[in-house]
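> Generate a structure from the sequence data that follows.
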Amino acid sequence: MKVKYFATLAISSMLMFGAVAVRQSFSTAQANPCAAEVNPCASANPCASINPCASANPCASANPCASANPCASANPCAGADAAQGAAPVVYSDASGLAIRGVDPVAYFTESAPVAGSSQFEYEWKGATWRFSSAENRSLFASNPEAYAPQYGGYCAQAVSEGNLASVDPTAWRIVDGKLYLNYSMEVQQQWLADVPGHIAQADANWPEVLNVGIVHE
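Next up, the predicted model:
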């Protein structure tokens, strides 16, 4: 009888403990409807751990992360990628110069990269193009597309891979009347391994690749 009594007592205690736990859990859920969601915006908000949206109550709605950026006004880190935006159509260095100031026309007329002069400049597609002579500047101004490097002057090999990179003006090649530049002489060797294939792939990626936004310098 004692064994049966103690067994019954033990079962009753377990049931009471479970009931208390359930009541406590239910009470906590009522007090904090978001308690079960430790960080509802964690995947979309890298700053969620410091609670940048506390005043805005990110748990007010059933799905506070439904929008792309529910706390944009209160979250200094929100939308960092969006703010980055697309890269410029034409690559230019820190000084705003296309092809690092090299004359694009000279590649065709002199078969060599020739430094341009600040005396002969032309603004086109958001970049400053320099030329070694007034004549070259006039040639470019009359038909920029004929002399400007392909893919906005970004590395041809990088564009073929779906990336954006700066260029070395000495790593150049004219193919079928079009100027192609590459990041370095080493990278150009990779590009030269399959010129038709790389051009075809880069053509397919351009200009959507600009949305990558990040340019490898």
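> Every contact and neighbour count from this point should use C-alpha atoms.
Will do.
> Could you give the number of residues near residue 200?
Each residue near residue 200 was counted by other C-alpha atoms under 10 Å, and the total is 11.
> Same check on residue 148?
22.
> State the distance from residue 173 to residue 166.
For residue 173, the distance to residue 166 equals 16 Å [C-alpha to C-alpha, to the nearest Å].
> of those two, who's got more company?
Using other C-alpha under 10 Å as the criterion, residue 173 and residue 166 rank with residue 166 on top: 22 against 18.
> contacting residues for the more buried one?
Residue 166 makes contacts with 91, 153, 154, 155, 182, 183, 215, 216, 217, as judged by C-alpha atoms under 8 Å, 6 or more residues apart in numbering.
> a markdown table for the residues you listed, including pLDDT?
Shown next, in a markdown table, are the contacts of residue 166 (pLDDT from 0 to 100):
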| residue | pLDDT |
| --- | --- |
| 91 | 98 |
| 153 | 99 |
| 154 | 99 |
| 155 | 99 |
| 182 | 99 |
| 183 | 99 |
| 215 | 97 |
| 216 | 97 |
| 217 | 96 |
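> now those: which count as buried?
91, 153, 154, 155, 182, 183, 215 (16 or more other C-alpha atoms under 10 Å).
> wouldn't the second one be in contact with residue 99 here?
Yes: with contacts counted by C-alpha atoms under 8 Å, residue 153 reaches residue 99, the gap being 6.6 Å.
> returning to that earlier point: columns distance to residue 106 and secondary structure on top of the contacts of residue 166, output as a markdown table?
Formatted as a markdown table, these follow (distance: C-alpha to C-alpha, whole Å; DSSP: H, G, I helix; E, B strand; the rest coil):
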| residue | distance to residue 106 | secondary structure |
| --- | --- | --- |
| 91 | 19 | coil |
| 153 | 15 | helix |
| 154 | 18 | coil |
| 155 | 19 | coil |
| 182 | 17 | strand |
| 183 | 19 | coil |
| 215 | 26 | coil |
| 216 | 26 | strand |
| 217 | 24 | coil |
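> ok, of the buried ones among the contacts of residue 166, which one's closest to residue 104?
residue 153 (10.0 Å; C-alpha to C-alpha).
> Nearest spatial neighbour of the closest one, chain-adjacent residues omitted?
If the residues on either side of it in the chain are set aside, residue 153 comes closest to residue 91, at 5.5 Å by C-alpha to C-alpha, 6 or more residues apart in numbering.
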